[in-house]
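A.B. asks: Compute the structure for the input listed below.
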Amino acid sequence: MKTIRRLIYREAATGVAFVTLAFLALFFFFDMVDELRWVGRASEAGYTLSYALLYVALSLPAHLYELLPITVLIGTIFVMARLAQSSEFTIMRTSGLGPWRALRTLLVLGCAFVIVTFAVGDYLAPLSDRAAQLVKARRTGQISAGATGAWLKERQGDHSVAVNVRALDPNGHMRGVRVFEFDAQGRIAATVQAERGEFAPDGEGWNLEGVRRSVFHHGSASPGALTSMAGGGAAAPRVERLQAPDYRWPTRISTDMVAASLLKPDKMATIDLFQYIRHLEANGQSAQKYEIEFWRKVFYPLSCLVMVVLSLPFAYLHFRSGGIAGYVFGGVMAGISFFLLNNVFGYAGNLQNWSPWLTAAAPGLIYSLLSLGAFGWLVLRR
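C.D. replies: The predicted model follows:
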């Protein structure tokens with residue numbers, strides 16, 4: 001039986017590796033074609049073809065993480081169908097490989113793919129994506145997200161603060177920093193605009209440069225800064241404007257939080273997502289999108305188990321000559337449908353405010369029921 005298991009593991013690993021390399025080559029080609037539009041432009045003069053190749057190569061681990069459940073399904077379907085077509089699986093069955101033992105064998109193989117998917121998604125992909133962003137930033141000048149950059153919020157006593165960082169440069173310094181401070185009544189108390197900023201070494205503040213600060217004194221709310229309105233009555237607000245070459249702004253917003261808000265949620269590690277969710281909740285911000293992505297990070301590697309179970313019924317089919325191609329094509333369609341369903345549930349859950357863990361688990365649960373149904377009908381009852 002050990003010989004049979006080694007044969008199945010070797011064939012499945014080879015098939016999955018071949019399919020994965022084929023898909024990665026396809027994505028590399030498409031990404032490279034898309035990246036060529038930035039090569040040699042006047043504004044991107046330092047961004048040459050070699051840097052574009054490096055950037056696309058560093059983006060491959062993120063594609064690998066997205067593709068692994070699909071390639072596991074296609075690769076194992078191809079192997080199981082080929083073993084059935086050549087009657088090798090029939091010989092294995094007569095040698096004592098029953099349905100439940102075959103299922104356990106594939107589940108062990110699926111657990112190995114789960115570990116690989118988790119390692120790629122939680123360690124390799126975030127590191128390579130940050131390296132890719134750094135390569136591009138060194139040639140184009142900055143890392144930014146959208147038209148306005150990153151927005152963060154923090155509570156400081158009875159005050160609240162909204163912070164905008166337009167971009168990060170390759171050295172980790174902030175550009176275009178704006179800070180909006182609000183008092184306990186929700187009125188704007190002060191604004192700070194800085195050309196540049198960097199994180200203090202002690203992690204308890206930001207050192208800002210080229211600062212313009214405006215302080216709003218709202219009548220009696222600021223003793224000593226009252227200005228009476230003409231004809232008597234309530235005091236009018238007064239704006240005090242200050243300029244300074246540097247300014248120390250106290251905050252607990254760290255480098256990782258700014259980087260997390262500049263990166264897409266699916267590019268972050270699980271622990272980084274968890275810490276960022278806690279920061280958002282502590283400051284009264286919506287964390288729905290990040291919670292869904294966190295649970296997707298938890299459940300997505302487990303999809304490999306579902307895929308190997310879904311491939312097992314193909315070993316019990318009877319194939320005519322050349323009929324294997326149609327079943328492999330069906331596996332490709334099933335993998336693509338899983339990928340699309342996973343994205344649809346993520347967007348729908350965010351719009352409809354569904355439970356994050358259920359939204360992330362739903363595609364895997366649906367395909368688990370399908371795979372177990374196919375296994376029960378085709379393997380056990382026939």
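A.B. asks: Leu24: which element?
C.D. replies: Counting by DSSP states H and E, the element that carries Leu24 is helix 2-35.
A.B. asks: Report all helices and strands that that helix contacts.
C.D. replies: Packing partners of helix 2-35 (3 or more CB pairs under 8 Å, 6 or more residues apart in numbering; DSSP states H and E): helix 49-58, helix 60-85, helix 99-119. To be clear about C-beta, it is placed using only N, CA and C from the backbone, and glycine gets the same treatment.
A.B. asks: Deepest in the core, which of these is it.
C.D. replies: By mean neighbour count, with neighbours taken as mean count of other CB atoms under 10 Å, helix 60-85 ranks first of these at a mean of 24.
A.B. asks: still on that earlier bit, in TSV: the helices and strands packed on helix 2-35, plus mean pLDDT.
C.D. replies: Output for the helices and strands packed on helix 2-35, formatted as TSV (pLDDT from 0 to 100):
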stretch	mean pLDDT
helix 49-58	90
helix 60-85	89
helix 99-119	90
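A.B. asks: okay but Met307 is in contact with Val72, surely?
C.D. replies: Yes - with contact defined as CB atoms under 8 Å, Met307 counts as touching Val72 (4.7 Å).
A.B. asks: what's the overlap in contacts for the two?
C.D. replies: Gly110 (CB atoms under 8 Å, 6 or more residues apart in numbering).
A.B. asks: and of the helices and strands packed on helix 2-35, who's closest to Gly349?
C.D. replies: helix 60-85 (18.3 Å; CB to CB).
A.B. asks: Let me know the next secondary structure element after the closest one.
C.D. replies: Beyond helix 60-85 in the direction of the C-terminus, DSSP H and E gives the next helix or strand as helix 88-94.
A.B. asks: just how off-centre is that next one within its chain?
C.D. replies: Helix 88-94 has its average C-alpha position 42 Å from the chain's average C-alpha position, going by CA atoms, centre = their mean, to the nearest Å.
A.B. asks: Give the buried residues for that helix.
C.D. replies: For helix 88-94, the neighbour count (16 or more other CB atoms under 10 Å) marks Glu88, Phe89, Met92 as buried.
A.B. asks: mind checking which of the helices and strands packed on helix 2-35 is nearest Glu195?
C.D. replies: Among the helices and strands packed on helix 2-35, helix 49-58 comes nearest to Glu195, with 27.3 Å by CB to CB.
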